[in-house]
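[1] Next comes the sequence, and after it the predicted model I'd like to discuss.
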Amino acid sequence: MPTQRKRIALLFCGGTTLNQKDGPGDSVRTERDIPKWLANFAELTLIADVEPHFIYGGEAAGVGRREWAKIVEVVSKRQGQVDGFLITHGLDTLPYTANMLAFLIQGLNKPVVLTGSIVAGKTERSVIVESAFQHFKGMEAKANLVNAAQVAASDVGEVVVVFGNRVLRASRTIRATTPSANPFDTQDQSVLGKIDFGVRFAAHHPKRTSKKPQFTTAVDTKVTIVNWHPGVDMSMLRQSLGTTLHGVIIHMSESNYIPDDLYQLFRHAQEHGVAVVLYTATGPKRLKESEFILVDRMSLIATLTKLMWVLGKSRDLTKVRKYLQTPFANELLNS
Amino acid sequence: MRVYFFTPKTRERKLVLAYERVQSVLKGASIDTTTSAEGAEGLPDDMIKAAEHRSEPLLEQMDALIIEGSTADPEIGYLLAFAIARKKPTLYLTDRTTTSFNPLRYLPAKSLPKNLTLKTYTKEGLEGIVMTFLRSIDAGAIREVPSIKFTLRITPSIDKYLDWKTHNTDVTKADFLREEIDRMVKDDERYQEFLRKSE
């Protein structure tokens, strides 16, 4: 019996370079490049019918709120017509877009897959792309995209990242912190699936559901991450709180002890309606949390993107605390 | 050389027998084979570790693919796309008497790459098709049993040369001659062209 032909929406958002020569049609930098790119990569049609959408064609560092909103808009409009979504993305900032989309697109009973080419013009090659290129130069960009397309045509119901031989939850994806052939990882080493001779999902992988999906493009970008180090005067932050900043993440990796001047800063922030998130991987459970919101079970990227999403919903600090501590997109580590 | 042999699940007896015949040919030719039924379990540990270390799909480790496409399966489109993207030598087989879904119909004719060999087979011709494909990838990797007896008269000077050439080696004079002829066959472009045309 013939199997039903799948249809996937392919969203171009950088990370499209097919080979090192980067000749005409090997990258999609403008909408006009799409037909030639698709002709150069005709094998993609063996997996599914491809419906192209242009989002962005510049450097990965340029992807932000506007591009995220465009992606959400396409997913929201086309969800009834396609079986899945494949998003190409430059590698440098892919984890940020992946994490953000996990919060902006919830309960979608279709796969939304992000991947990127390891190839870029030599002058455009960043550290992460160069490292990936050195490890994967035998594999080429197309194989990665073929694997991602197969996941986009699968029955997984979540935003995921596909790279190399792994399928990762978008809401847990970070840049690999240790030298690795794969530039992406998760903090709790969890994988949603592996690619060996095909895509094999873990037994617990979320499948398509009948839940009504929720989309939003509301994101508050007036947030920042500050690394706390002993002896550093944090009072300089005071001026920004409540005026230009709506949320601040204090990243504490050096100590579990919060000095008095930092507590004063927290109180000042609270008075000005600024959400202060204390991010620590070690989890100082003995701390009183009245002046800040303790986060210790998410990656830093998930914490940042979630805070932007939460503040886009509400600036009421009680709600911000509640939302930040409630899982929405399988973002809690080791769960 | 290692070949990945993909067989969709089927209850059709003639297809099951065809799968077995292909495996038998691969075994007879001493080709390391991983079947879709056994998957990664059939691979040596070092190969799995190497793929994991490089974060590569195991398919990447295969030198060639054989896909039996007489039964529709969503994996087939993926395997063909991967094979084309990675330029892996691939034999796509369909039973001549089965009306099968052809995933390649979505590919423009000019996009059909040279590394892809499409063949419909009959019960009688299947083994020949597989052997020809294997020879086209790497004739040296296939062990053919010399079974044809041939008497060759040679001159004393040729015999002297063969003695000198094989002295203190593990190679017999007959083996040496067979290897030389094998090399000539491989390097003879006109003969290779003739083989391709006569397939």
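    Perfect, thanks for sending it. Keep in mind it's a predicted model, so treat the numbers as computed, not measured.
[2] Quick one: name the residues of chain B near chain A.
    Counting by Cβ under 8 Å from any Cβ of the partner chain, the residues of chain B close to chain A are B:4, B:6, B:34, B:36, B:39-40, B:51-60, B:72-75, B:77-82, B:84-86, B:101, B:103-104, B:106-108, B:111. Any C-beta I mention is one placed from the backbone N, CA and C, and that applies to glycine too.
[3] Please indicate which of those are buried?
    Applying 16 or more other Cβ atoms under 10 Å in any protein chain shown to the residues of chain B next to chain A, the neighbour count classes B:4, B:6, B:34, B:36, B:51-52, B:54-60, B:72-75, B:77-82, B:84-86, B:101, B:103-104, B:106-107, B:111 as buried.
[4] now, which of those residues lie within strands?
    B:4, B:6, B:34 (DSSP state E).
[5] The first one and residue B:68 touch, don't they?
    No - the criterion here is Cβ atoms under 8 Å, and residue B:4 misses it with residue B:68 at 11.7 Å.
[6] residues shared between the contacts of the two?
    When Cβ atoms under 8 Å, 6 or more residues apart in numbering or on different chains defines a contact, no residue borders residue B:4 and residue B:68 alike.
[7] I'd assumed residue B:111 was in contact with residue A:42.
    Yes - using Cβ under 8 Å, residue A:42 makes contact with residue B:111 at a distance of 3.9 Å.
[8] In contact with residue A:293, which residues?
    A:275-278, A:320-321, A:324-325 are the contacts of residue A:293 under Cβ under 8 Å, 6+ apart.
[9] Kindly recompute the last result at 10 Å.
    A:247, A:249, A:275-279, A:303, A:307, A:310, A:317, A:320-325 (Cβ atoms under 10 Å, 6 or more residues apart in numbering or on different chains).
[10] Check these one by one and keep those near chain B.
    Counting by Cβ under 10 Å from any Cβ of the partner chain, nothing from the contacts of residue A:293 sits close to chain B.
[11] Which ones among those residues map onto strands?
    Going by DSSP E, the strands hold A:247, A:249, A:275-279 from these.
[12] Dump those into CSV; add pLDDT, neighbour count and distance to residue B:163 as well.
    Listed next are those as CSV, based on pLDDT from 0 to 100; neighbours: other Cβ atoms under 10 Å in any protein chain shown; distance: Cβ to Cβ, whole Å:
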residue, pLDDT, neighbour count, distance to residue B:163
A:247, 94, 26, 87
A:249, 93, 22, 82
A:275, 93, 26, 90
A:276, 91, 24, 90
A:277, 92, 24, 85
A:278, 89, 22, 85
A:279, 90, 24, 80
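[13] In PDB, please show the C-alpha coordinates belonging to the strand or helix carrying residue A:143.
    Per DSSP states H and E: residue A:143 is located in helix A:140-152. Extracted C-alpha coordinates of helix A:140-152, given in PDB (Å, rounded to 0.1, in the frame of the first residue of the first chain):
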ATOM      1  CA  GLU A 140      28.700  17.800   4.200                       C
ATOM      2  CA  ALA A 141      25.700  20.100   4.800                       C
ATOM      3  CA  LYS A 142      23.200  18.100   2.800                       C
ATOM      4  CA  ALA A 143      23.300  15.000   5.000                       C
ATOM      5  CA  ASN A 144      22.400  17.100   8.000                       C
ATOM      6  CA  LEU A 145      19.500  18.700   6.200                       C
ATOM      7  CA  VAL A 146      18.300  15.300   5.000                       C
ATOM      8  CA  ASN A 147      18.300  13.900   8.600                       C
ATOM      9  CA  ALA A 148      16.400  17.000   9.800                       C
ATOM     10  CA  ALA A 149      13.900  16.700   7.000                       C
ATOM     11  CA  GLN A 150      13.200  13.100   8.000                       C
ATOM     12  CA  VAL A 151      12.500  14.200  11.600                       C
ATOM     13  CA  ALA A 152      10.300  17.000  10.200                       C
END
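[14] near chain B at all, it?
    Yes - applying Cβ under 10 Å from any Cβ, one finds helix A:140-152 in contact with chain B at A:140-147, A:149-151.
[15] Counting by contacts, list what the helix or strand just after that helix packs against.
    Later in the chain than helix A:140-152, the nearest helix or strand by DSSP H and E is strand A:159-163. Strand A:159-163 sits against strand A:84-89, helix A:94-104, strand A:112-115, helix A:140-152, strand A:166-169, strand A:173-175, strand A:184-186, strand A:193-195, with contacts defined as 3 or more Cβ pairs under 10 Å, 6 or more residues apart in numbering or on different chains; DSSP states H and E.
[16] CA atoms only for strand A:159-163, dumped as CSV, please.
    The C-alpha coordinates for strand A:159-163 follow below in CSV (Å, rounded to 0.1, in the frame of the first residue of the first chain):
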residue,chain,number,x,y,z
VAL,A,159,10.4,21.8,18.8
VAL,A,160,13.7,20.0,18.3
VAL,A,161,17.2,20.5,17.1
VAL,A,162,18.8,17.9,14.8
PHE,A,163,22.5,17.9,14.2
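[17] average pLDDT for that strand?
    Mean pLDDT, computed over strand A:159-163, is 95.
[18] What is the nearest of the ones in strands among the buried ones among the residues of chain B next to chain A to chain A?
    residue B:4 (6.3 Å; Cβ to the nearest Cβ).
[19] Specify the beta-bridge partners of that closest one.
    residue B:34, residue B:65 (DSSP bridges).
[20] how about low-confidence regions in the chain?
    Since no chain was named, I'll use chain A. A:1-3, A:120-140, A:178-181, A:242, A:254-256, A:281-289 (pLDDT under 70).
[21] try chain B instead
    B:100, B:139-147, B:199.
[22] Spatially central residue for chain B, please.
    residue B:134 (2.5 Å; Cα atoms, centre = their mean).
[23] What strand or helix carries that residue?
    Per DSSP H and E: helix B:126-138 holds residue B:134.
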